[in-house]
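In: Here you go, sequence then predicted model.
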Amino acid sequence: MEATILLGALLFPLGTALFLNSAGKYLKLNKITLISSLGLLGSFSGFSMMFVLLALNNFHSKNITYFNWIDSMGISFGLQWDGLVAIMTILITFLSLIIQLFSKPYMESDERVARFYVFFNFFVFSMLLLVMASNFLVLFIGWELVGLSSYLLISFWYKKKKAAQAGKKAFILNRVGDFGFLIGLMIIFDLFGSFEYDTIFSNIELLDSQQASMIAFFLMIGAFGKSAQLPLFSWLPDAMEGPTPASALIHAATMVTAGVFMLVRVAPILNKAPQILLLIATIGVLTSFFSAFIAMTQFDIKKILAYSTISQLGYMFLAVGCGAYVAAIFHLITHAFFKALLFLGAGAVIHEMHHEQDIRSMGGLIKKMPTTGFTMLVGTLAISGIPPLAGFWSKDEILGTAFISGGFYLSLWLLGLVTAVMTAFYMGRHWIYIFLGEGRTKDALNANQAPRLMKISLITLAIGSVFIGFINTPFFHGVEKMLEEVLINVEVTHSPTGTNFIILALISVFAGVLGLFISNIIFIQKIINPLKQLQEFPFIPKKIRTMLVKAFSQGSPIPSVLKNFFLSIKRLSFNGLYLDLYGKRFLVDGSKSFSRFMAVSIDQLLIDGSINNLAKIPIYIGKKMKPLQSGYIRSYLTVFGIMVLLLVFLFILSFGGLI
């Protein structure tokens, strides 16, 4: 029975995708949405039933084999069911269902709406296959199908050049990460002779530190590609060219979480590779910091959220690198809710602004779209780490575990704390630009409240963003309990408790409040004369205030120097650290130049030229001998006679012993 429920829940989205692919063009939007949503609802219901059974069984894992696939290699097709898989499957199907309900009014005017639902459900199936796999080979199939699905959704509006290019960019950069992932899988099979999780993890003691580090390194590259970490992150902001519901699906519940899930799944291997764990944590926090830095000056409503996704994923990798696997999955859960909320809120704004995405063209929408505005405010406060919202509990747990890890991790904690300030700043700026003040364009002045289905989706996600964090607080370790058997032989870093928790939590909250405060004084209070504000600031001694005002007064060289410095920093942030520019110049343009050089200089001139010149030799000899073939009998007889006389002469010489 359990095997049937699991397989059915996995195949429901695939079945509806296949049906709509063949019959969708003959159906109206209401029926398309109903069929697609029923597939996701059936899948969610099946996984919910299995979760109840798993909880009653104290979260003991099951490995269900359906058939032997490649007997010679001992590979079967099977599904894994444990606490980690239960979390992921319920999260994927629930959020996908909410996003799909939102999609109905958003996509209703699109002529290819049936194809959108086909791609959407196929994406969900691919992600479910990835997380439910009982061996690395099936996981890799789901991994690649997720990459294909993302390409189909990102480039859904393929007639737009930017959308087509964004789809190709995402596909190619993910292939770079997947190449590393594939090497890791080859090493695993070479060492263990199997792809099965049970076989590998039960014999993990056979790995020495060097072998574990090698496997972990290549799997890390795969995770960085799929979850958009340095240096493979630039595809994710460009992926915003797809429909907003697709963006919400990619960012909240599917593709970008695959890398984090995979690393938690291989935690027993990572546990034997401490250097790789430190590398994962370092790259994660650097990615988080730099993407937050870029987000502070962007004006595209979706791109800001895209960079925030990269930043939050960096926190998850920081948690994995600290050995805090529970905190990583916990933040994955909370992030899924508030990020889906923010993306769908942005989608509602874009829908009512007639697909305008520049936040400078908005303003005053809280009066026109109060439900959207207040639900997005919940998401903004959640991602900023304001208690008791979901983001506070998970982000605080990550920063806390980084702090108590000590050593070099303390510097990572500090950088993560600075990133928290930046996150609150740019998210406060994002919300203020959109909803406060007066409408700056005709579309903003004439905007209407979002359709009912959109509002229901936003309210549901806002409620989740408030309460989902309580599943794993210092007072209730729900996620930790669910992952206990998955991480049974793994050294796990637990979150701080007691006084340490209170102190670190207060520091974390202060970082979020500080970021929101700065965005408030800059974008709401509209400080026109900062020197006057400084002169009246009560918390700085009068002598220091006078000295600072004098130093920054007109005529002093300091203001112009600072202005130029901050303009340079702003340009660096706005242009995304110029990573795309130099990446295009050295990788894209460089590879094109190299290809042209190989095609013209090496292939045509050297290789083809050498062969062609060799072919010219017999042609030259033939041309020189061509006059001998005159066609006159007298010429042939003359030559024949000369050759006969020559032969007779040689014969006489030979007979006389002269030669």
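Out: That came in fine, so what should we check first? The structure presented is a predicted model; accordingly, all values stated were derived computationally and were not measured.
In: Output the lowest mean pLDDT helix or strand found in this structure.
Out: helix 530-535 (a mean of 54; mean pLDDT, DSSP states H and E).
In: for the strand ranked longest in the chain, packing partners?
Out: Of all segments of type strand in the chain, defined using DSSP state E, the longest is strand 62-70. Using 3 or more C-beta pairs under 8 Å, 6 or more residues apart in numbering; DSSP states H and E, the elements in contact with strand 62-70 are helix 2-23, strand 75-81. Quick note: C-beta positions are derived from backbone N, CA and C, even for glycine.
In: Specify the angle between the longest helix along the chain and strand 75-81 in degrees.
Out: Counting residues, the longest helix found in the chain (DSSP state H) is helix 161-192. Interaxial angle, helix 161-192 versus strand 75-81 (axes from the mean of the first three to the mean of the last three C-alpha atoms, to 10 degrees): 110 degrees.
In: got the buried residues for helix 161-192?
Out: The neighbour-count check on helix 161-192 (16 or more other C-beta atoms under 10 Å) flags 163, 166-167, 169-171, 173-174, 177-178, 180-185, 187-189, 191-192 as buried.
In: elements contacting it?
Out: helix 136-154, helix 197-202, helix 209-226, helix 235-238.
In: If we use 10 Å, what do you get?
Out: If contacts are counted by 3 or more C-beta pairs under 10 Å, 6 or more residues apart in numbering; DSSP states H and E, helix 161-192 sits against helix 136-154, helix 197-202, helix 209-226, helix 235-238, helix 255-265, helix 579-583.
In: quick revisit: what pairs with the longest strand of the chain, and is each one parallel or antiparallel?
Out: Paired neighbours of strand 62-70 in the sheet (DSSP bridges): strand 75-81 (antiparallel).
In: next structured bit after the partner strand?
Out: Using DSSP states H and E, the next helix or strand after strand 75-81 towards the C-terminus is helix 83-107.
In: Toward the C-terminus, what is the element adjacent to the host helix or strand of L341?
Out: Using DSSP H and E, L341 maps to helix 325-352. Once the chain leaves helix 325-352, the next helix or strand it forms, by DSSP H and E, is helix 365-368.
In: Report the angle between the next helix or strand after that following helix and helix 325-352.
Out: Sequence-wise, the next helix or strand downstream of helix 365-368 (DSSP H and E) is helix 370-383. Put simply, helix 370-383 runs at 150 degrees to helix 325-352, going by the same axes, to 10 degrees.
In: The very next helix or strand once past helix 370-383 vs helix 370-383, what angle?
Out: Using DSSP H and E, the helix or strand that directly follows helix 370-383 along the chain is helix 390-405. Put simply, helix 390-405 runs at 10 degrees to helix 370-383, going by the same axes, to 10 degrees.
In: Against which helices or strands is helix 390-405 packed?
Out: Here helix 390-405 touches helix 274-295, helix 301-321, helix 325-352, helix 370-383, helix 409-435, helix 452-467, strand 472-473, helix 498-523, going by 3+ C-beta pairs under 10 Å, 6+ apart.
In: repeat that for 8 Å
Out: Partner elements for helix 390-405 (3+ C-beta pairs under 8 Å, 6+ apart): helix 301-321, helix 325-352, helix 370-383, helix 409-435, helix 452-467, strand 472-473, helix 498-523.
In: So which of those is nearest I32?
Out: Judged by C-beta to C-beta, the one of the helices and strands packed on helix 390-405 that comes nearest to I32 is helix 452-467, at 14.2 Å.
In: Give me the buried positions along the closest one.
Out: The neighbour-count check on helix 452-467 (16+ other C-beta under 10 Å) flags L453, M454, K455, S457, L458, T460, L461, A462, G464, S465, V466 as buried.
In: Kind regards, and thank you for your time.
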